[in-house]
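>>> Quick one, structure for this:
(one chain, ligands or ions: 1)
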Amino acid sequence: MDITAKQEEWLQAIAAASDGVALAELDKRLFGQGGEVLGMVRSVTSLPKEERPTFGKAANAVKQAVEAALKERREGFEQVELEKDLSATDFDPTEPGSKPRQGAMHPITIVQNELVDLFTSMGFQWEDGPEVESEYYNFDALNIPGDHPARESQDTFWLTDGNLLRTHTSPVQVRTLQRLVKEAKDGKAWEPPLKVIVPGRCFRSETVDKTHEHSFYQMEGLVVDRVQEGPDGKRGVSTANLIHTMKTCLRVILERDVEVRLRPGFFPFVEPGFELDVNCPFCSGKGCSVCKQSGWIEILPCGMVHPNVLKECGLDPEEYTGFAFGMGLQRVVMLRYGIDDIRHFMGGNLRFLSQFPEVPR
Ligand code: FA5
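Take a look at the predicted model:
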């Protein structure tokens, strides 16, 4: 085979191709299955041994020349097509592209993450509980029987199967303690103190206004320890432990030194129960419209775990004591960022939601 003549023939055919389609056809004819160029390269096997190296080298050079010519023409046709496309529309390739919108953390998630980091650094563990809860765990086990007036302040959404959407994260106190007591009975040792936090969503059938939502977030905290014999008598978990934990938490979250005060508050599952107030961050306690001139802002309810709750969980209140708190997360986020209406959180307004920079963790 005169491969120089063949090369000439193929290069001329490539040069004569009228458009991209004709060139693709030619490509197939030369390099497709049974293609002419590949046939030429493979024909080396039919030659006497001594001729093969020279022919093989020459055939490869022809193959490369034909491939290069095909490539060059293909790119030429592509460029023409592109230019045709561009001139057919008013597309401006020099215009800057549209930037993909970057998401941001929701402010409740930011503060919840910070609180989880803080409490885990103090030895607390994260516990979860169901949002669809039984009447027993949401109320009865927490010392709120069916006829108790405290049920009225936590009206909720009932399901047709008798369950309800939980009104608070407190049911997880009972679930966790009962689980540990059961595990202890089954031989798995439980080493007090128990220190848990329970972040989660709660629901109430309430009229929505500036400070109330039907769905909102709480973070429950529970510490239970065995009463110990000390030099001056028996010592259990105390209100002082509760105040110290709360002050530490609020100082970190509100990013300043805080003063707190306790007022009596009634919750059937704690005794004594408190409302914990913090000195107003907007006026540093001097009195302003946010704190209604009092200098204090109510921030979270808390108290010492009620003996009836401990008994319900299978613990002897003479042997175990504890404290619990139930922080409304939205309330803390509102104080932290100076937000005046709780409805912003679920409003889906991106201008509101994109304002909260996440502190690197
Ligand atoms: C409780 O839910 C108790 N379980 C808290 C508790 C836990 C007390 C442990 C003692 C020991 P309360 O109903 O006050 O308490 O709700 C706690 C917090 O949740 C409130 O201070 C408030 O910040 C938030 N909260 C309650 N209802 C709503 C609502 N409808 N919308 C937004 N936040 C709410």
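>>> make it CA atoms for all contacts and neighbour counts henceforth
OK.
>>> what about the longest strand seen in the chain and the ligand, touching?
Across the chain, the longest stretch assigned as strand under DSSP state E is strand 215-226. Yes - contact of strand 215-226 with the ligand (CA under 6 Å from any ligand atom) involves 216, 218.
>>> Tell me which helix or strand comes right after that strand.
Following strand 215-226 in sequence order, the next helix or strand is strand 228-230 (DSSP states H and E).
>>> partner strands of that next one, parallel or antiparallel?
In the sheet, strand 228-230 lines up against strand 233-235 (antiparallel) (DSSP bridges).
>>> Name the helix or strand for the most centrally placed residue in the chain, please.
Centroid check for the chain by CA atoms, centre = their mean gives T109 as the closest residue, at 7.1 Å. Taking DSSP H and E as the criterion, T109 maps to helix 107-121.
>>> cool, V309 as well?
helix 307-312.
>>> contact partners of that helix?
Residues outside helix 307-312 that contact it (CA atoms under 8 Å, 6 or more residues apart in numbering): 141-143, 174, 269, 271, 316-317, 320.
>>> quick one on the thing from earlier: same for the longest strand of the chain, what does it pack against?
strand 194-203, strand 320-328, helix 329-337 (3 or more CA pairs under 8 Å, 6 or more residues apart in numbering; DSSP states H and E).
>>> tell me the angle it makes with strand 320-328.
Angle of strand 215-226 versus strand 320-328, following axes from the mean of the first three to the mean of the last three CA atoms, to 10 degrees, is 160 degrees.
>>> Can I get strand 215-226 in CSV? Just the C-alpha atoms.
The C-alpha coordinates for strand 215-226 follow below in CSV (Å, rounded to 0.1, in the frame of the first residue of the first chain):
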residue,chain,number,x,y,z
SER,A,215,-44.4,25.8,67.5
PHE,A,216,-41.3,26.9,69.4
TYR,A,217,-38.1,25.5,70.8
GLN,A,218,-37.0,24.8,74.3
MET,A,219,-33.9,23.4,75.9
GLU,A,220,-34.5,21.3,78.9
GLY,A,221,-31.8,20.7,81.5
LEU,A,222,-31.7,18.1,84.2
VAL,A,223,-29.2,17.2,86.8
VAL,A,224,-29.8,14.4,89.3
ASP,A,225,-27.3,13.1,91.8
ARG,A,226,-27.1,10.8,94.8
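>>> Use 6 as the first number for this chain going forward.
Okay, residue one is now 6; in that scheme the one you just asked about reads as strand 220-231.
>>> Can you classify the closest residue to L31 other than its chain neighbours by secondary structure?
Setting aside the residues directly before and after it, L31 is nearest to I19 in space (CA to CA, 6 or more residues apart in numbering), at 7.4 Å. Recorded secondary structure, I19: helix (DSSP: H, G, I helix; E, B strand; the rest coil).
>>> which residues does E140 contact?
167-169.
>>> State the pLDDT value of the closest residue in space to Y222 that isn't next to it in sequence.
Nearest residue to Y222 in three dimensions, chain neighbours excluded: R206, at 4.4 Å (CA to CA, 6+ apart). Per-residue pLDDT puts R206 at 97.
>>> so how many other residues sit close to R206?
Residues lying near R206 (other CA atoms under 10 Å) number 19.
>>> Helices of the stretch 156-305 of the chain, start to end?
176-190, 244-258 (DSSP state H, counting those that start in this stretch).
>>> most tightly surrounded among these?
Mean neighbours per residue, mean count of other CA atoms under 10 Å, is largest over the helices of the stretch 156-305 of the chain for helix 176-190, with a mean of 18.
>>> other SSEs contacting the host helix or strand of F60?
Here F60, judged by DSSP H and E, is contained in helix 57-93. Packing contacts for helix 57-93, counted by 3+ CA pairs under 8 Å, 6+ apart, involve helix 8-21, helix 25-36, helix 41-47.
>>> Any buried residues in the shortest one, and which?
If I follow you right, that is helix 41-47. By neighbour count on 16 or more other CA atoms under 10 Å, the buried set for helix 41-47 is 41-43, 45-46.
>>> what does the second one give?
Applying a neighbour-count criterion of 16+ other CA under 10 Å, one finds 25, 28, 31-32, 35-36 buried in helix 25-36.
>>> Tabulate these (TSV), appending pLDDT and distance to K291.
Formatted as TSV, those follow (pLDDT from 0 to 100; distance: CA to CA, whole Å):
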residue	pLDDT	distance to K291
G25	87	81
L28	89	85
L31	91	88
D32	91	86
L35	92	90
F36	90	88
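>>> What about the ligand: which of the residues you listed touch it?
Cross-checking the buried residues of helix 25-36 against the ligand (CA under 6 Å from any ligand atom) gives no overlapping residues.
>>> Can you tell me which of the contacts of helix 312-317 are buried?
Applying 16+ other CA under 10 Å to the contacts of helix 312-317 flags 146-148, 179, 274, 276, 322, 325 as buried.
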